[in-house]
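# below is the structure, and that's it, no one-letter string:
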């Protein structure tokens, strides 16, 4: 089983890129972020024609998350992160697919920091930890997939000081990620590639893709029962060089 997470950065604009990748990579489950369309604008017909069932929660202009399943229909569990009824941003969806619970989460960016946007990021992280703890307690097979907007360690960002004030690498952001991990989650990519710099995001600015000036923001975290099944993990980085590409590339794992 191949599970991927992909910040598509506008699903309608990047639909040809997405469909080409789906045909080539044949992932069984895909978590998508930054749909940037209202629910009615989601290209369900094209996705279905490509062989994928889908559940989604859209939001006009910004955010938006979805889960796709190859030759299957995801069973929607929830389309919002619990803990704050006032939060109406489309940043979380959760579904059961082929015996596994999968999320697509789009954690707040948090810039500028300090300030209310950074506070929202940390609060969202706290809510995620509270929800994720329930999965660990129940010992169910879960993949927490999505764009976490955190580069957890120095291995997850190119050598630079230009991001030092950015919310993506602040000590509090990294501490929040590590607090989640300490519940018992396993970072699939870092587990299989413990010493190799791996990136999944290259900003459009300052020629960062040609310079390989990237960050690893897209993560697939496994609950304990899935860890023995982990076989491979990586990033389809060449998707980033395609014409009109997203600034992210798909991160993926395979389970036996």
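Looks like it came in fine. Quick caveat: nothing in here was measured; it's all calculated off a predicted structure.

# pull the contacting residues for residue 233.
Applying C-beta atoms under 8 Å, 6 or more residues apart in numbering to residue 233 gives the contacts 188, 189, 191, 192, 193, 220, 251, 252, 253, 254. From N, CA and C alone the C-beta is placed, and that goes for glycine too.

# in helices, which of those residues appear?
188, 189, 191, 192 (DSSP state H).

# for ChimeraX, what selects the buried ones among those?
The buried subset of the ones in helices among the contacts of residue 233, as determined by 16 or more other C-beta atoms under 10 Å, is captured in ChimeraX by this line:
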select :188,189
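
# want to try a markdown table for the ones in helices among the contacts of residue 233, with distance to residue 214 and pLDDT as columns?
As requested, the ones in helices among the contacts of residue 233 are exported to a markdown table (distance: C-beta to C-beta, whole Å; pLDDT from 0 to 100):
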| residue | distance to residue 214 | pLDDT |
| --- | --- | --- |
| 188 | 18 | 98 |
| 189 | 13 | 98 |
| 191 | 20 | 98 |
| 192 | 18 | 98 |
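
# kindly reformat the ones in helices among the contacts of residue 233 as TSV containing distance to residue 141.
Formatted as TSV, those follow (distance: C-beta to C-beta, whole Å):
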residue	distance to residue 141
188	13
189	18
191	16
192	18
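
# closest to residue 119 out of the ones in helices among the contacts of residue 233?
residue 189 (28.7 Å; C-beta to C-beta).

# how about the closest one, nearest residue that isn't a chain neighbour?
The shortest distance from residue 189 to any non-neighbouring residue, by C-beta to C-beta, 6 or more residues apart in numbering, is to residue 233 (4.5 Å).

# so how far is residue 255 from that neighbour?
10 Å (C-beta to C-beta, to the nearest Å).

# how about residue 148?
Taking C-beta to C-beta as the criterion, residue 148 is separated from residue 255 by 20 Å.

# of these two, who's got more company?
Neighbours were counted for residue 148 and for residue 255 using other C-beta atoms under 10 Å; residue 148 has more, 25 against 20.

# mind checking how far the biggest helix by length in the chain is from the chain centre?
Assignment by DSSP H gives helix 116-138 as the longest helix of the chain. Mean C-alpha position of helix 116-138 versus that of the full chain (C-alpha atoms, centre = their mean, to the nearest Å) differs by 15 Å.
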